[in-house]
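In: Return atomic coordinates for the entry below.
(chains A and B)
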Number of protein chains: 2
Amino acid sequence: MSLIVQKFGGSSVANKERVMNVARRIVDTYKNSNSVVVVVSAQGDTTDELIEKAKEITNSPSKREMDMLLSTGEQISISLLAMAIHELGYPAISLTGWQAGMNTDSSYSSARIGNIDVSRINKELDHKNIVIVAGFQGINRFDDITTLGRGGSDTTAVALAAALRADLCEIYTDVDGVYTADPRVVKTATKMDTVSYDEMLELASMGANVLHNRSVEMAKKYNVNLCVRSSLNNNPGTIVREVKDVEKMLVKGVAHDYDVARIALCDIEDKPGVAFRIFSLLSQKGINVDIILQSIGRENKKDISFTVTASNLENAVKILEDNKESIGFNEIKTRDTVAKVSIVGAGMVNNPGVAAKMFEALYEAGVNIHMISTSEIKVSVLISERNVEKAVNAIHDKFNLGN
Amino acid sequence: MSLIVQKFGGSSVANKERVMNVARRIVDTYKNSNSVVVVVSAQGDTTDELIEKAKEITNSPSKREMDMLLSTGEQISISLLAMAIHELGYPAISLTGWQAGMNTDSSYSSARIGNIDVSRINKELDHKNIVIVAGFQGINRFDDITTLGRGGSDTTAVALAAALRADLCEIYTDVDGVYTADPRVVKTATKMDTVSYDEMLELASMGANVLHNRSVEMAKKYNVNLCVRSSLNNNPGTIVREVKDVEKMLVKGVAHDYDVARIALCDIEDKPGVAFRIFSLLSQKGINVDIILQSIGRENKKDISFTVTASNLENAVKILEDNKESIGFNEIKTRDTVAKVSIVGAGMVNNPGVAAKMFEALYEAGVNIHMISTSEIKVSVLISERNVEKAVNAIHDKFNLGN
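Out: Numbers count the residues shown, from 1 in each chain, chains lettered A, B, ... in the order given. Predicted coordinates for the structure are as follows:
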């Protein structure tokens, strides 16, 4: 008998038919003598509809009240899913975040999970109940409802799997698993059977929207056996786990991300502390910077280029303009018609030829590279948006990922 | 400085304009140096929509899961209302039933309020917050969410007013107060300035849908100063309070109720215990019986007639048919085209002429009476549905209630 945590996203429970489908899948797992804890998101567009309701009232809702509002979405899903399992003749009980002991800090709208008190869940499992837990939400030490922010339900599932020492954490989604590239872009893309936590992390942050980074980080930290699979079929999915053997260089996949904009600060005075000043200003305002490139200085001047998400572009430019004097640059240039293409694979660091091979593929496809960034297990390039499809296919072919 | 509890129903917060209106009204009270606790229901049709969602999944939803589902309706209202008050520049915080310390028993869907732990509310009031509490919901000793059933938000408001020793509990609704008759039926109906708890109880149970009986009973028990008034204007409303002086006979109002059906059991053997058997069978199944009439026996047989709510008719008949042998009746006759018309007034018991005057009015209007029931402060008659308008107007005129 195993303890299995299953997570279903909002689209998996968007209407009654899908709720019943999910219920049947859960019951199938339960009938195989497993203890089952289910984490579920808000139905379909519910969260957006709730946000819309708040926007009708105010442009700047209190974050505490937003969390109070948004947490109702998952509470609706869990009760409906419990009813659906009852309808199939099996025992189930729904628990909100606070009932499930999901304690968080007080960062409303982006709370971090602290200690999880699993006593209620364990009690319900002892009573042979299928336990349905509201994803995305928790409670702080003031007994106020919090939400975990983007990708929150994945994080809830992995955190519960860790706290319950579950044998497996299954993340159900609308794709069959993690692919070597986006199947909508690369026709020969294939599903990976396994991928390491680090590779998954890079893939997630490179634009593969299968799992949220935070949940993968947590899975890695607590060594949770993760499986990404489809809620629409019974295909085995992709296992995410610790991979010890990284001797063989393996490029696991190609990812791309359109949500990128480039900012260049030109003719900055070349003195110590300038980079620190720029990037601390941005991080204070919650703006994450990805690829950073600094030109070699000439005549005591240099250029610094970096990328942010497209949605942060306007805000970042305003912050920089407001501090033009203290930073000491001459001009800001921006470009939002760019995209990031990355290859990911554990062991890449020991194989310097990999990056060269990627650049070769891009050269052969006639794709110009604007910026380059490398890490232990990935190489990213910034290119023009219009070249993404060509570039991803060329790289995928070059590394024979279609096997 | 006073502590005032204000309750707003679902239609008062049905859309953004109404939410803002309610927020302004609350802020007006707060600006007059009052502490304000607000109880609010689910917006407009939200509860019905949630019930519909459950019905799509199952015909017999678990009551626990229904309460989990339905309680989201009020949680949405409280957060939106808190945002609206923030938007006006005033401090407010929303609390769910469990956050507000609303402890109940475990009768899901019709829970009774037990001890209320007002410490959180008092803390928020100390911080000068307007406290917005979700009506209709509570928490049982297992930390599970419960709902209070019909009229639940009124009951929440009165219970909070009692627990907080509030100076006043205002129930906002879409009418100006309690009327001498339904203004839609009787054009000359006038608003009462004050009404006693007992009169309000009779009026409520006689079909005046202004306040739920349960909340009036609780107000009476804890001597809560109640005020029923309109959320659409600033008219003073009707005060419900203990009235000591009942020397003067006062018919306070005329009420009518279409939600009535009559059941007659014919030719029952006239032996002891028959009535007990019938009415205990019905009460065991949760069916309340209102007017009971027993004919004078002849030839060792008698007839027993009584009324139930229209929705209980089918169920009641089934229970009686199933026990036909043990009760020992010959035939069941039912009629659901009847209605109940009542006059209510403290001190009626000392004025036997009142009932006669009512019957005179009905006679003059040509209305036939099927059944009669009297109590210390009311006289009810059962008549044909089609005669209600005529009857109510005739009685209203006869007692000069139009001022």
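In: Distance-wise, check residue A:256 relative to chain B.
Out: The gap separating residue A:256 from chain B is 38 Å, by Cβ to the nearest Cβ, to the nearest Å. Heads up, the C-betas are built off the backbone N, CA and C, glycines and all.
In: Correction: the previous question concerned residue A:377.
Out: 43 Å.
In: before we move on, what about residue A:167?
Out: Taking Cβ to the nearest Cβ, one finds residue A:167 at 27 Å from chain B.
In: Now do the longest strand belonging to chain A, average pLDDT.
Out: Counting residues, the longest strand found in chain A (DSSP state E) is strand A:253-269. Mean per-residue pLDDT for strand A:253-269: 89.
In: mind exporting stretch A:132-142 as PDB, just the C-alpha atoms?
Out: Extracted as PDB, the C-alpha positions of stretch A:132-142 are listed here (Å, rounded to 0.1, in the frame of the first residue of the first chain):
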ATOM      1  CA  ILE A 132      -9.200  16.500  -1.000                       C
ATOM      2  CA  VAL A 133      -7.100  19.500  -0.100                       C
ATOM      3  CA  ALA A 134      -7.500  23.000  -1.500                       C
ATOM      4  CA  GLY A 135      -4.400  24.000  -3.300                       C
ATOM      5  CA  PHE A 136      -2.800  27.500  -3.400                       C
ATOM      6  CA  GLN A 137      -3.900  28.500   0.100                       C
ATOM      7  CA  GLY A 138      -2.900  28.400   3.700                       C
ATOM      8  CA  ILE A 139      -3.200  30.200   7.000                       C
ATOM      9  CA  ASN A 140      -0.800  32.500   8.900                       C
ATOM     10  CA  ARG A 141      -0.200  32.800  12.600                       C
ATOM     11  CA  PHE A 142      -3.000  35.400  12.900                       C
END
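In: how about it: buried residues?
Out: Across stretch A:132-142, burial judged by 16 or more other Cβ atoms under 10 Å in any protein chain shown covers A:132, A:133, A:134, A:135, A:136, A:137, A:138, A:139, A:140.
In: re the thing from before, tell me which strands the longest strand of chain A pairs with, and in which orientation.
Out: Strand A:253-269 pairs in its sheet with strand A:301-308 (antiparallel), strand A:331-344 (antiparallel), by DSSP bridges.
In: Which other helices and strands does whichever helix or strand comes after it contact?
Out: If you walk from strand A:253-269 toward the C-terminus, the next helix or strand you reach (DSSP states H and E) is helix A:274-284. Applying 3 or more Cβ pairs under 8 Å, 6 or more residues apart in numbering or on different chains; DSSP states H and E, we find helix A:274-284 packed against strand A:292-294, strand A:301-308, helix A:313-322, helix A:324-327.
In: before we move on, the earlier item: return the longest strand of chain A as PDB; C-alpha atoms alone will do.
Out: Extracted in PDB, the C-alpha atoms of strand A:253-269 (Å, rounded to 0.1, in the frame of the first residue of the first chain):
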ATOM      1  CA  GLY A 253      15.400  19.400 -24.100                       C
ATOM      2  CA  VAL A 254      15.000  22.700 -25.800                       C
ATOM      3  CA  ALA A 255      12.800  25.400 -24.200                       C
ATOM      4  CA  HIS A 256      11.700  28.800 -25.400                       C
ATOM      5  CA  ASP A 257      10.200  31.800 -23.800                       C
ATOM      6  CA  TYR A 258       8.500  34.800 -25.500                       C
ATOM      7  CA  ASP A 259       7.900  36.600 -22.200                       C
ATOM      8  CA  VAL A 260      11.300  38.500 -22.400                       C
ATOM      9  CA  ALA A 261      12.300  42.000 -23.000                       C
ATOM     10  CA  ARG A 262      15.800  43.500 -23.300                       C
ATOM     11  CA  ILE A 263      17.000  46.700 -21.700                       C
ATOM     12  CA  ALA A 264      20.300  48.300 -22.600                       C
ATOM     13  CA  LEU A 265      21.900  51.100 -20.600                       C
ATOM     14  CA  CYS A 266      24.400  52.900 -22.900                       C
ATOM     15  CA  ASP A 267      27.500  54.900 -22.000                       C
ATOM     16  CA  ILE A 268      27.600  54.300 -18.300                       C
ATOM     17  CA  GLU A 269      30.600  55.700 -16.500                       C
END
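In: Please report how far the residue nearest to residue A:149 when sequence neighbours are not counted lies from chain B.
Out: With Cβ to Cβ, 6 or more residues apart in numbering or on different chains as the criterion, residue A:149 has its nearest non-adjacent residue at 3.7 Å, and that residue is residue A:110. Going from residue A:110 to chain B by Cβ to the nearest Cβ gives 17 Å.
In: In this structure residue A:110 contacts residue A:151, no?
Out: No: with contact defined as Cβ atoms under 8 Å, residue A:110 and residue A:151 do not form a contacting pair (10.6 Å).
In: quick one: buried residues of the longest strand of chain A?
Out: Of all the residues in strand A:253-269, those buried under the rule 16+ other Cβ under 10 Å are A:253, A:254, A:255, A:256, A:257, A:260, A:261, A:262, A:263, A:264, A:265, A:268.
In: Identify the bridge partners of the fifth one.
Out: Note on residue A:257: beta-bridge partners residue A:340, judged by DSSP bridges.
In: give the contact list for residue A:374.
Out: The contact partners of residue A:374, taken as Cβ atoms under 8 Å, 6 or more residues apart in numbering or on different chains, are A:355, A:380.
In: So what does it look like in phi/psi?
Out: When read as degrees, to the nearest 10, the backbone of residue A:374 gives phi -130, psi 150.
In: weakest of the strands paired with strand A:253-269 by average pLDDT?
Out: Among those, strand A:301-308 scores lowest, with a mean of 85.
In: Now tell me what touches it from outside.
Out: So strand A:301-308 is in contact with A:260-270, A:274-275, A:278-279, A:282, A:287-296, A:316, A:338, A:340, A:371, A:382, going by Cβ under 8 Å, 6+ apart.
In: Then stretch A:184-191?
Out: Residues outside stretch A:184-191 that contact it (Cβ under 8 Å, 6+ apart): A:176-183, A:235, A:238, A:254, A:256, A:388-389, A:392-393, A:396-397, A:401-403.
In: 7 Å instead?
Out: Stretch A:184-191 is contacted from outside by A:176-177, A:179-183, A:238, A:389, A:392-393, A:396, A:401-403, using Cβ atoms under 7 Å, 6 or more residues apart in numbering or on different chains.
In: Confirm that the residue nearest to residue A:149 sits in a helix.
Out: No: read with DSSP: H, G, I helix; E, B strand; the rest coil, residue A:110 is coil and lies in no helix.
In: Pull the number of nearby residues for it.
Out: Residue A:110 is flanked by 17 other residues according to other Cβ atoms under 10 Å in any protein chain shown.
In: And the one 10 residues further on, by the same measure?
Out: Counted with other Cβ under 10 Å, residues neighbouring residue A:120 total 19.
In: ditto for residue A:278
Out: With other Cβ under 10 Å as criterion, residue A:278 counts 24.
In: Tell me how far it lies from residue A:260.
Out: 18 Å (Cβ to Cβ, to the nearest Å).
In: follow-up on the earlier one: mind checking which of the buried residues of stretch A:132-142 are in helices?
Out: Counting by DSSP state H, the buried residues of stretch A:132-142 place none of their members in helices.
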